[in-house]
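A.B. asks: curious how this folds, go ahead:
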Amino acid sequence: MKKVLFTISLLMSFGFAFSQGSTDYGGGLKFNLNPEGTKYMRFIAWNQIWLRSSEMNPGTMIGDEAITKQEDIGLRRLRLLAYAQISPRYMIVTHIGINNQTFINGGASGSGGTGGYGNGKKPGLFFHDAWNEYAVVLPKENKPFSLSLGGGLHYYMGLSRMTMSSTLNYLTIDAPIFNWPLIENSDQFARQIGIFAKGKYDRFEYRLSLNKPFATNNVPVDVTNSDLARAVDNNHNAKWSKAGYFEYHFFDKESNFLPFKVGTYLGTKKMFNVGAGFYTAPSSTVISVNGEIEKHATNLFAGDVFLDLPVGKKEKKMAVTAYSVFYSYDFGPNYLRNIGIMNEGVADAAFTGNKALAGPGNLQPMIGTGTIWYTQAGFLLPNSSEKPKVRIQPYAALSHKNFEALEKSSNQFDFGTNFFLDGHHAKITAQYSNRPVYTAVDKIDSYKGEFLLQLQIYL
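C.D. replies: Residues are numbered from 1 along each chain as shown. Coordinates of the predicted model:
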């Protein structure tokens with residue numbers, strides 16, 4: 001009976017965490033495998049569709065046409081997650097999907113031109129997560145310590161709350177991307193293969209992992225002056241990486257059933273968490289000076305604060321959400337990565353003006369050796385009726401980046417509003433963002449803007 005009650009409490013906790021703002025969703029798509037409900041399988045499916053109007057970096061072509069602005073629609077995420085609890089101690093998690101498909105890119109490997117496997121068509125479905133987990137110490141009312149061990153392709157990558165964020169319930173339209181500092185280089189879409197330990201002691205939560213990073217083989221540019229050397233990802237037979245995140249919950253305790261951290265609870269919980277984390281990998285980047293290769297370690301650290309509180313009169317159901325994180329990144333000398341979400345642009349060889357250092361399309365300096373401070377805040381507006389058809393949550397975010405490879409730091413902002421039709425299960429998000437256009441390491445020539453509209457459904 002105790003095991004049954006414990007399993008039911010876990011399900012209620014997880015169902016609550018994954019149904020922010022909607023009382024109709026309940027336990028979701030769950031199938032019991034025995035009458036007691038102690039063995040079950042649950043499915044979560046979600047789609048995020050983006051419509052965009054974007055100013056392009058100077059020197060951009062799309063489809064052999066020189067452009068300065070682009071409008072499009074794309075599939076940001078199409079995902080299916082399934083997990084099975086076959087006993088109170090043992091769980092299997094599988095997560096598959098695609099990301100970033102547009103009319104011209106994001107298709108299957110080798111697709112291009114015209115025809116059945118033309119540009120952007122038939123993207124490859126792949127595993128995002130695939131791990132097994134065993135609860136060594138189950139939490140009990142009089143013994144607040146818990147411990148679970150697991151292994152596989154996993155998301156327990158340490159560093160920060162947003163590094164392990166859920167993509168279902170962001171406050172802003174998306175993550176800022178630099179919260180996943182290894183993205184698609186030494187990880188597989190923010191995951192690595194390894195083993196992990198997670199658990200709690202009362203209000204203290206911990207996550208630790210030991211992983212084998214995916215192999216990288218980028219070739220550094222050889223320089224004669226070491227001050228000009230730029231590190232690139234090159235770990236070949238990668239050494240083991242280590243990661244961890246530690247968090248204290250001052251108010252409500254947060255579920256750690258799955259790794260995915262909630263972006264905004266819409267006032268359904270009272271949260272104030274403070275956390276800190278790290279990621280380290282030896283001999284993971286290299287530079288070349290006068291033909292000599294020099295290896296460098298990756299050492300990443302972060303500290304963050306998360307606040308989500310109901311405010312005002314209870315019947316108005318207002319809430320404030322805020323999150324702030326500071327990243328200290330060291331990938332080796334002058335390391336810099338330029339990234340653009342669903343970037344469709346290619347370089348225009350005929351362009352004679354000042355090109356963006358980051359490259360064409362919507363590329364920007366995203367990740368590098370240096371520091372990043374990111375803060376977001378939003379306010380859930382009061383109910384206008386007992387059963388409002390739409391809840392509205394305006395928000396804003398600010399990013400400050402200071403990279404070693406660039407002599408001038410940058411400030412970027414996002415402004416937007418969530419329109420909740422049924423909590424996070426059905427919502428529309430509108431957002432305007434800007435990004436810097438560097439034409440020299442010490443010069444930001446301009447800031448380019450991007451308007452995005454997201455349609456999200458998840459079950």
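A.B. asks: assign residue 156 to helix, strand or coil.
C.D. replies: The local conformation at residue 156, judged by DSSP: H, G, I helix; E, B strand; the rest coil, is coil.
A.B. asks: and the gap between it and residue 149?
C.D. replies: As judged by CB to CB, to the nearest Å, residue 156 and residue 149 stand 11 Å apart. (C-beta placed from N, C-alpha, C; glycine too.)
A.B. asks: more neighbours: the two, which one.
C.D. replies: Neighbour count, other CB atoms under 10 Å: between residue 156 and residue 149, residue 156 has more, with 25 against 15.
A.B. asks: and the residue lying closest to residue 290 once chain neighbours are set aside, what are its phi and psi?
C.D. replies: Take residue 290 and drop its neighbours on the chain: the residue closest to it by CB to CB, 6 or more residues apart in numbering is residue 224, 5.8 Å away. Residue 224 has phi and psi values of phi -100, psi -20 when expressed as degrees, to the nearest 10.
A.B. asks: in space, what's closest to residue 434 - neighbours in sequence excluded?
C.D. replies: In space, and not counting its chain neighbours, residue 434 is closest to residue 447: 4.5 Å by CB to CB, 6+ apart.
A.B. asks: list the residues that contact both of residue 156 and residue 149?
C.D. replies: Residues touching both residue 156 and residue 149 by CB atoms under 8 Å, 6 or more residues apart in numbering: residue 196.
A.B. asks: do a quick rundown of the strands in the stretch 251-400 of the chain.
C.D. replies: 271-289, 292-311, 318-330, 336-339, 346-347, 364-368, 370-380, 391-403 (DSSP state E, counting those that start in this stretch).
A.B. asks: buried sites along the third one?
C.D. replies: Read it as strand 318-330. By neighbour count on 16 or more other CB atoms under 10 Å, the buried set for strand 318-330 is 318-323, 325-327, 329-330.
A.B. asks: CSV please, covering those residues and showing distance to residue 297 and pLDDT.
C.D. replies: As requested, the buried residues of strand 318-330 are exported to CSV (distance: CB to CB, whole Å; pLDDT from 0 to 100):
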residue, distance to residue 297, pLDDT
318, 46, 97
319, 41, 98
320, 39, 98
321, 35, 98
322, 33, 98
323, 28, 98
325, 22, 98
326, 20, 98
327, 17, 98
329, 12, 98
330, 8, 98
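A.B. asks: quick one: which of those residues is nearest to residue 353?
C.D. replies: Using CB to CB, residue 329 comes nearest to residue 353 of those, at 31.5 Å.
A.B. asks: tell me how far the closest one lies from residue 414.
C.D. replies: Residue 329 sits 21 Å away from residue 414, going by CB to CB.
A.B. asks: turn the strands of the stretch 251-400 of the chain into TSV, columns for distance to residue 138.
C.D. replies: Output for the strands of the stretch 251-400 of the chain, formatted as TSV (distance: least, CB to CB, whole Å):
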stretch	distance to residue 138
strand 271-289	23
strand 292-311	26
strand 318-330	30
strand 336-339	41
strand 346-347	54
strand 364-368	39
strand 370-380	35
strand 391-403	36
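A.B. asks: need the winner for burial among the ones you listed.
C.D. replies: strand 364-368 (a mean of 25; mean count of other CB atoms under 10 Å).
A.B. asks: can I get stretch 430-442 in CSV? Just the C-alpha atoms.
C.D. replies: Only the C-alpha atoms of stretch 430-442 are listed here, as CSV (Å, rounded to 0.1, in the frame of the first residue of the first chain):
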residue,chain,number,x,y,z
ALA,A,430,4.3,36.9,-30.0
GLN,A,431,7.9,38.2,-29.5
TYR,A,432,10.2,40.9,-30.9
SER,A,433,14.0,40.3,-30.5
ASN,A,434,17.1,42.1,-31.7
ARG,A,435,20.7,40.9,-32.2
PRO,A,436,24.0,42.7,-32.8
VAL,A,437,25.7,42.9,-36.2
TYR,A,438,29.5,43.0,-35.7
THR,A,439,31.4,44.2,-38.8
ALA,A,440,34.7,44.3,-36.8
VAL,A,441,35.7,42.8,-33.4
ASP,A,442,35.4,46.3,-31.9
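A.B. asks: quick one: the helices in the protein?
C.D. replies: Here the chain has its helices, by DSSP state H, at 2-17.
A.B. asks: tell me what the strand ranked longest in the chain is packed against?
C.D. replies: Longest strand in the chain by number of residues (criterion: DSSP state E): strand 40-62. Applying 3 or more CB pairs under 8 Å, 6 or more residues apart in numbering; DSSP states H and E, we find strand 40-62 packed against strand 29-32, strand 65-85, strand 346-347, strand 426-440, strand 443-458.
A.B. asks: chain center to it, what's the gap?
C.D. replies: Mean-position distance between strand 40-62 and its chain equals 13 Å (CA atoms, centre = their mean, to the nearest Å).
A.B. asks: ok, stretch 146-165 next?
C.D. replies: In this view, stretch 146-165 has its centroid 13 Å away from the chain centroid, taken as CA atoms, centre = their mean.
A.B. asks: got the CA positions of that stretch in CSV?
C.D. replies: Provided in CSV are the C-alpha atoms of stretch 146-165 (Å, rounded to 0.1, in the frame of the first residue of the first chain):
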residue,chain,number,x,y,z
SER,A,146,16.3,10.4,-2.1
LEU,A,147,18.7,9.0,-4.7
SER,A,148,18.2,7.8,-8.2
LEU,A,149,20.9,6.5,-10.6
GLY,A,150,20.6,6.3,-14.4
GLY,A,151,22.4,5.9,-17.6
GLY,A,152,22.0,6.5,-21.4
LEU,A,153,21.5,9.6,-23.6
HIS,A,154,20.3,12.0,-21.0
TYR,A,155,19.5,15.7,-20.2
TYR,A,156,21.1,15.9,-16.7
MET,A,157,23.8,18.2,-18.0
GLY,A,158,24.2,20.4,-15.0
LEU,A,159,25.3,24.1,-15.2
SER,A,160,22.0,25.9,-14.8
ARG,A,161,18.3,25.6,-14.5
MET,A,162,17.8,26.7,-18.1
THR,A,163,20.4,24.2,-19.3
MET,A,164,17.9,21.5,-18.3
SER,A,165,14.8,23.5,-19.1
